[in-house]
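Q: predicted model follows, preceded by the sequence.
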Amino acid sequence: MCACRDDGATILMSTHALDTAERLCDTFLYVHEGRLIAQGTLHELQRDPSDTLLDVFDDVIARAARAEAMHV
């Protein structure tokens, strides 16, 4: 997979293994309950430069839950 990526190929990967995704992917899409709730590079999604992809995931899910609660 790394060789294909390095050759410029687009790879679509669906995974819950966020540490693997962080090593292999350039752009991330978060889908929650069938809806796209965030997308971007790790840098674009991070609130803090030290945030891991798991930190970003937790933040994105929390923001989605707050937004949903406001619309109920």
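A: Yep, that arrived. Bear in mind the structure is a predicted one, so any value in this text is a computation, not a measurement.

Q: flag the shaky bits of the chain, pLDDT-wise.
A: 72 (pLDDT under 70).

Q: which residues in it form strands?
A: Per DSSP state E, the chain carries strands over the ranges 28-32, 35-40.

Q: what packs against the first one?
A: Spelled out, that is strand 28-32. Where contact means 3 or more Cβ pairs under 8 Å, 6 or more residues apart in numbering; DSSP states H and E, strand 28-32 is packed against strand 35-40, helix 53-70. To be clear about C-beta, it is placed using only N, CA and C from the backbone, and glycine gets the same treatment.

Q: go through it and flag the buried ones.
A: When burial is assessed from 16 or more other Cβ atoms under 10 Å, strand 28-32 yields the following buried residues: F28, Y30.

Q: got the angle for that strand vs helix 53-70?
A: Here the directions of strand 28-32 and helix 53-70 differ by 40 degrees (axes from the mean of the first three to the mean of the last three Cα atoms, to 10 degrees).

Q: of all the helices and strands packed on strand 28-32, which one is nearest L18?
A: helix 53-70 (4.4 Å; Cβ to Cβ).

Q: what comes up buried for the closest one?
A: For helix 53-70, by 16+ other Cβ under 10 Å, it's L53, V56, F57, D59, V60, A64.
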